[in-house]
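**Student:** based on what follows, work out the 3D shape:
(2 chains)
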Amino acid sequence: MSDGAARSDPALEAWEVFRQEKEGDPMRHGGSVMAPDAELAIHYAREMYGRRQESVRLWVVRRADILDLEDPDLLQPPLDRSFKKPGGYVMRDKLAAAREAAGQAKPKARAK
Amino acid sequence: MTASRTPAAPPILGLDGLLLTMADDEFVIGFSDSEWTGIAPLLEEDVAMSSLSQDELGHATALYGLLAELTGTDAAAIAYDREPAEYRHARLLDHGRGDWAMTIARRYLYETADATRLEALADGRWAPLAELVGKLQREERYHAMHIGSWFERLAGAVGEPRDRLLDALATLGPDAGTVFTPLSDEPALIEAGVLARPMAELEHEWRTRTTAMFARFDLSNLPPTRDPERGRTDHGADFAWLHGEFTKVRRGDPGATW
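**Tutor:** Residues are numbered from 1 along each chain as shown, chains lettered A, B, ... in the order given. Predicted coordinates:
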């Protein structure tokens, strides 16, 4: 970016911005910015998603570089998949029986 | 506030003049550049320029605050209740908004000059200012990145973007060095250890850096400052208009609490 070479007028393109709110948090998608190149994309991501100290880290990704998978045959196949879900194994009765055998009461719901 | 912010006695000669020039610079460029809000070249840049302008106004608030504590006055009154002729910002900031290239050129010239000035104040012996300068420098890092990107983008372009930048530099060039207009009590400030070096030396250093940058893009060197003794007075019609704009709300209800 810093050499003096002449550049043609670049078109705007979309960049996706991910932000981390505090150290240790997962990166979450914040939104997107339009910018002609990576340098201004970083500036604009900072302005849109970081200027009020609301982020400790940003990831800026050219939208065209994201591998997009939305094929329904791969993600939403038509046949019954319930046997792949853990919901088929009902644990409630087994747990109750085990507690009774051990002479323990059901623990109270934990505070979040 | 805290004891560390109590001004040292005896007062340092020239400190009020230094703070006023710095505060007025930040205040005026902040209001000037906020003129782009809503009409910047693209939406993202609109937010960026508005945010940068707010930063400058924040810097002005902090500097007027120091001055108000030092002189026992009110920061808002200093900022808003003077006549145009009483402002002490650099003449570089007196030009009307102009086109985008004009704003980029002005911000580039001002930001690089301000960075040189801040370096000479960062280790100063008056703690309240040295502490504030340290904070300003951290925010100015992003400002330098932003304006550097835009300056290089226009300077390195072919055709209209570069032509417009050249026009802007030709207009602003003779006023560019006015950020370094000598202060009335400059020797006292240097003696007191507030300012590391004379403004003339700082200007020389800034011109050396600017010349190197300009050479990379085959730009002509900046001319010497026109009428350098009056670099922070005689503000002209464009500033009179801006002053009318930024004092309008306060004049609309004098004495109101905001």
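**Student:** ok but residue A:59 is inside a strand, no?
**Tutor:** Yes - in this structure, residue A:59 lies within a strand as judged by DSSP: H, G, I helix; E, B strand; the rest coil.
**Student:** for the closest residue to it other than its chain neighbours, give me the pLDDT.
**Tutor:** Closest residue to residue A:59 apart from its sequence neighbours, by C-beta to C-beta, 6 or more residues apart in numbering or on different chains: residue A:18 at 4.1 Å. No exception for glycine: its C-beta is placed from N, CA and C like everyone else's. pLDDT, the model's per-residue confidence, is 98 for residue A:18.
**Student:** for residue A:18, list the residues it contacts.
**Tutor:** Contact partners of residue A:18, counting by C-beta atoms under 8 Å, 6 or more residues apart in numbering or on different chains, are A:27-30, A:58-61.
**Student:** cutoff 6 Å now
**Tutor:** A:27, A:29, A:59 (C-beta atoms under 6 Å, 6 or more residues apart in numbering or on different chains).
**Student:** wait, a helix at the second one?
**Tutor:** No - counting by three-state DSSP, residue A:29 is not part of a helix but strand.
**Student:** so how far is chain A from residue B:198?
**Tutor:** Using C-beta to the nearest C-beta, to the nearest Å, one gets 31 Å for the distance from residue B:198 to chain A.
**Student:** reformat the contacts of residue A:18 as a markdown table; add pLDDT and neighbour count.
**Tutor:** A markdown table is the format used below for the contacts of residue A:18 (pLDDT from 0 to 100; neighbours: other C-beta atoms under 10 Å in any protein chain shown):
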| residue | pLDDT | neighbour count |
| --- | --- | --- |
| A:27 | 97 | 14 |
| A:29 | 97 | 11 |
| A:59 | 98 | 13 |
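**Student:** give me the element the residue nearest to residue A:59 is part of.
**Tutor:** strand A:13-20 (DSSP states H and E).
**Student:** who's in contact with the spatially closest residue to residue B:235 that is not a sequence neighbour?
**Tutor:** Leaving aside its sequence neighbours, residue B:235 sits nearest to residue B:94 (C-beta to C-beta, 6+ apart; 5.1 Å). Residues near residue B:94 by C-beta under 6 Å, 6+ apart: B:235-236, B:238-239.
**Student:** need the pLDDT of the residue nearest the centre of chain A.
**Tutor:** Residue closest to the average C-alpha location in chain A (C-alpha atoms, centre = their mean): residue A:28, at 4.6 Å. What the model reports as pLDDT for residue A:28 is 97.
**Student:** and it, bridged to which residues?
**Tutor:** Beta-bridge pairing for residue A:28 (DSSP bridges): residue A:19.
**Student:** now do it against residue B:186, distance only.
**Tutor:** Residue A:28 sits at a distance of 52 Å from residue B:186 (criterion: C-beta to C-beta, to the nearest Å).
**Student:** how much space between the residue of chain A found nearest chain B and residue B:195?
**Tutor:** Here the residue of chain A nearest chain B is residue A:44; by C-beta to the nearest C-beta that distance is 3.9 Å. Applying C-beta to C-beta, the value for residue A:44 to residue B:195 is 36 Å.
**Student:** equivalent analysis for residue B:181, please.
**Tutor:** Distance from residue B:181 to residue B:195, by C-beta to C-beta: 13 Å.
**Student:** what do you get for residue B:81?
**Tutor:** In terms of C-beta to C-beta, residue B:81 sits 28 Å off from residue B:195.
**Student:** more crowded one of those two?
**Tutor:** Per other C-beta atoms under 10 Å in any protein chain shown, whichever of residue B:81 and residue B:195 has more neighbours is residue B:195, with 25 against 14.
**Student:** give the contact list for that one.
**Tutor:** For residue B:195, the contact set (C-beta under 6 Å, 6+ apart) comprises B:120, B:189.
**Student:** thinking again about what came up before, make sure I have this right: the residue of chain A closest to chain B is in a helix.
**Tutor:** Yes - secondary structure assignment places residue A:44 in a helix (three-state DSSP).
**Student:** contact partners for it?
**Tutor:** Counted by C-beta under 6 Å, 6+ apart, residue A:44 has contacts A:33, A:35, B:44.
**Student:** please repeat the previous calculation with a cut-off of 7 Å.
**Tutor:** Residues in contact with residue A:44 (C-beta atoms under 7 Å, 6 or more residues apart in numbering or on different chains) are A:33, A:35, B:44, B:48.
**Student:** show me where the chain has helices.
**Tutor:** Because you didn't say which chain, this covers chain A. All helices of chain A, identified by DSSP state H, fall at A:38-49, A:72-75, A:92-102.
**Student:** right idea, wrong chain: chain B
**Tutor:** Counting by DSSP H, the helices of chain B are B:15-33, B:43-71, B:75-80, B:100-119, B:127-155, B:160-172, B:186-191, B:199-216, B:236-246, B:248-252.
**Student:** could I get those helices as a markdown table with mean neighbour count?
**Tutor:** Formatted as a markdown table, the helices of chain B follow (neighbours: other C-beta atoms under 10 Å in any protein chain shown):
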| stretch | mean neighbour count |
| --- | --- |
| helix B:15-33 | 24 |
| helix B:43-71 | 20 |
| helix B:75-80 | 18 |
| helix B:100-119 | 22 |
| helix B:127-155 | 18 |
| helix B:160-172 | 18 |
| helix B:186-191 | 17 |
| helix B:199-216 | 16 |
| helix B:236-246 | 15 |
| helix B:248-252 | 11 |
